[in-house]
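S.K.: 3D, please:
(2 chains)
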Amino acid sequence: EAGVAQSPRYKIIEKRQSVAFWCNPISGHATLYWYQQILGQGPKLLIQFQNNGVVDDSQLPKDRFSAERLKGVDSTLKIQPAKLEDSAVYLCASSFPGREQFFGPGTRLTVL
Amino acid sequence: QKEVEQNSGPLSVPEGAIASLNCTYSDRGSQSFFWYRQYSGKSPELIMSIYSNGDKEDGRFTAQLNKASQYVSLLIRDSQPSDSATYLCAVNMDSNYQLIWGAGTKLIIKP
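M.R.: Purely as a prediction, here's the structure:
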C-alpha cells in the first residue's frame, strides 16, 4: 500500500514570495491534515479536511495561508506572501475518521 | 486549554535496558492515545495506539494507559541504538478526531 506522498521535499524562497505544497493521501483515507512543525516542537495542526470539506482551520493564518482539497483526494497548501517565521517542516497526514494518522515525508521550507 | 505534557529530555538509557517514556494529558474525556517516533529530519511514524485502560504490547514496545490518572506511557524493552529518536505522544480529545501533540521526549540509547 502506498503511503502519503508530498512534494516538494525541500524549498528555499525569499520572504514575500509565494510557495505551494502538494499532498496525496493514502487511498481511501477521507481525513487529511496539514501540520506545521518547528524544530523542537510537536506538530501544530493548520487545517483538517474531511473529504473535500474543512473541519477545522482555526489555526491557519488566513491572511497568508490557504488550502484546498478538490475532489476529496489531493490537497494543496499555499503561503503568500511568506515570512521568515514560516520556516518549518510542513507535514501532511491522512487517516480513516477517528483512526491512526499516517504522515508523508514532509516539506522543509526555508524562508530567507 | 487542552494540553499534552512530556518531559523534553534527553533521556539517556544504556543499550539493552528498558526505556520508559511518560505523557500526561489534560482532558479526562480523551479516548484515543498514540505514540509516534520521529528520527531527526524525518516525519513522525506511528508505533503504538491504545484506546482502553491497561497495557498493550507489540514486540519490544508496551503502551500503558491509566485514564483515572490521565497518564499514558511507553516502555521499550531491550533498547537498541536504533531506538534513539524523539518520541511524540498524541491524544484525541474531541469528536473531530484532532490530535493534541506533546513536544516530544528525546531518547538516546548509549551502546
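S.K.: look up how far B:Ala63 lies from the residue lying farthest from the centre of chain B.
M.R.: Computed with C-alpha atoms, centre = their mean, the residue of chain B farthest from its C-alpha average is B:Pro111, at 22.3 Å. Using C-beta to C-beta, to the nearest Å, we find B:Pro111 at a distance of 26 Å from B:Ala63. To be clear about C-beta, it is placed using only N, CA and C from the backbone, and glycine gets the same treatment.
S.K.: what's across from whichever residue of chain B sits closest to chain A in the sheet?
M.R.: The minimum distance from chain B to chain A, using C-beta to the nearest C-beta, falls at B:Trp101 (3.3 Å). Assessed by DSSP bridges, B:Trp101 has beta-bridge partners B:Ala90.
S.K.: excluding sequence neighbours, find me the nearest residue to A:Arg16.
M.R.: A:Pro81 (4.2 Å; C-beta to C-beta, 6 or more residues apart in numbering or on different chains).
S.K.: could you look up the SS state of that neighbour?
M.R.: A:Pro81 falls in the coil class when you classify it by DSSP: H, G, I helix; E, B strand; the rest coil.
S.K.: how about the residues of chain A near chain B?
M.R.: Within reach of chain B by C-beta under 8 Å from any C-beta of the partner chain, chain A has these residues: A:31, A:40-45, A:48, A:55-56, A:89, A:91, A:95, A:97-106.
S.K.: which ones among the residues you listed lie within strands?
M.R.: Within the residues of chain A next to chain B, residues falling in strands by DSSP state E are A:31, A:44-45, A:48, A:55-56, A:89, A:91, A:95, A:102-103.
S.K.: got the contact list for stretch B:77-87?
M.R.: Stretch B:77-87 has contacts (C-beta atoms under 8 Å, 6 or more residues apart in numbering or on different chains) with B:6, B:13-19, B:21, B:35-40, B:60-62, B:74, B:76, B:104-111.
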